[in-house]
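J.: got a predicted model here, sequence first, then my questions.
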Amino acid sequence: MSAAAFLSVDDLLAAARAALERLDPVVAHAAWRAGATLVDIRPAAQRRLEGEVPGSLVVERNVLEWRFDPASGARLPEASYDLQVLILCSQGYTSSLAAYALQQLGVRRATDVVGGFQAWVRAGLPTTGTSPLVLAPDRVEGDPHAAEQRPARDALQVNRDYRTAWVGDRELELTRMEFDVLAHLVGSPLRVHTRRQLLAAIWPPTYDASTRTVDVHVHRLRAKLGAPWARSLVTVRGVGYRWAPPAC
């Protein structure tokens, strides 16, 4: 039989995605908080390298169908035909095929996260692990065979463990408090933080600081971030600040 009689992997991927209502990371995060089940199918080695989403359910790809088929003897307690399952892989390719496979089993609300874990990180959504938090200024549909750990030219990298922040290949010279403000805001994207909340979360209780102190640190932080990241640190007039990832 000739090769023309078979589907290519690109054909399979296109067919799978045609059946899915895929969610971008921010929408997926909101759906997860509203009760959907976020399932990380990456293998352990990849999770160690890239980091994880705190609170997500880890079910590796090789057992996914057995765990979520409601008719399977090896199913998870939460498995049901009406369960909203959000599949997360590294870049959003394997996840599309996996979500489509669950749909074939009757889990009709199964779908996946556009761009995978890499896009989740770029959107500034919560992650854990020792890998740096890498945010890219623009959403990029990447080649699945490309080097996944290579940051975009102007990517922002925040490494909480080593307390370093980079924009592209430029390390930011941040004070202790500037770094803490940045990490705190990036760690809770879109949430509005009042000046008082930032003071309480970041400055020691014995430190005599006013809300004006927060404004000064934010001003300096914007100058050090430069374009386009300074625009992501948004002032909410009369209230405080929030981090608005470019993908939003």
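T.: Received the coordinates, thanks. Numbers count the residues shown, from 1 in each chain.

J.: drop to CA atoms for contacts and neighbour counts, all remaining ones
T.: Will do.

J.: for burial, what's the neighbour tally of P204?
T.: 10 (other CA atoms under 10 Å).

J.: strands of this protein, start to end?
T.: Here the chain has its strands, by DSSP state E, at 37-40, 57-58, 85-88, 111-112, 133-135, 156-159, 164-167, 170-171, 193-194, 233-236, 240-243.

J.: compare the mean pLDDT across those and name the weakest.
T.: Mean pLDDT values for those show the minimum at strand 133-135, a mean of 57.

J.: contacting residues for the residue nearest to Y100 when sequence neighbours are not counted?
T.: Leaving aside its chain neighbours, Y100 sits nearest to A16 (5.3 Å; criterion: CA to CA, 6 or more residues apart in numbering). The contact partners of A16, by CA atoms under 8 Å, 6 or more residues apart in numbering, come to S96, L97, A99, Y100.

J.: among these, name the ones in helices.
T.: Among the contacts of A16, the members falling in helices (DSSP state H) are S96, L97, A99, Y100.

J.: from what I can see the second one touches L13, true?
T.: Translated: L97. Yes: under the criterion of CA atoms under 8 Å, L97 makes contact with L13 at 6.3 Å.

J.: which one's more surrounded, these two?
T.: When neighbours are counted by other CA under 10 Å, L97 and L13 differ, and L97 comes out ahead with 22 against 17.

J.: how is this structure divided into domains?
T.: As given by automatic domain parsing, the domain ranges for the chain are 3-122, 133-243.

J.: give me whichever of those is most buried.
T.: domain 3-122 (a mean of 18; mean count of other CA atoms under 10 Å).

J.: show the pLDDT at T94.
T.: 96.

J.: any low-confidence regions in the protein?
T.: 1-4, 129-153, 246-248 (pLDDT under 70).

J.: look up how far G187 lies from the spatially most central residue of it.
T.: What sits nearest the mean C-alpha location of the chain, by CA atoms, centre = their mean, is W120, with 1.9 Å. Distance, W120 to G187, using CA to CA, to the nearest Å: 12 Å.

J.: just M177 next, same as before
T.: Counting by CA to CA, the gap from M177 to G187 is 15 Å.

J.: which other residues reach stretch 34-45?
T.: Residues from elsewhere that reach stretch 34-45 (CA under 8 Å, 6+ apart): 32, 56-61, 64, 83-90, 95.

J.: from the chain's centroid, how far away is it?
T.: Centroid displacement of stretch 34-45 relative to its chain, using CA atoms, centre = their mean, to the nearest Å, is 12 Å.

J.: ok, now stretch 170-186?
T.: For stretch 170-186, the distance to the chain centre is 19 Å (CA atoms, centre = their mean).

J.: equivalent analysis for stretch 208-216, please.
T.: On CA atoms, centre = their mean, the centre of stretch 208-216 falls 31 Å from the chain's centre.

J.: who's in contact with it?
T.: By CA under 8 Å, 6+ apart, stretch 208-216 touches R195, R196, L198, L199, W203.

J.: can you give me the helices in this protein?
T.: Taking DSSP H, the helices of the chain run over residues 9-18, 25-33, 44-50, 64-68, 94-104, 116-122, 176-187, 195-202, 211-225.

J.: closest one to D169 among those helices?
T.: Nearest to D169 among those is helix 211-225 (12.6 Å), distances taken as CA to CA.
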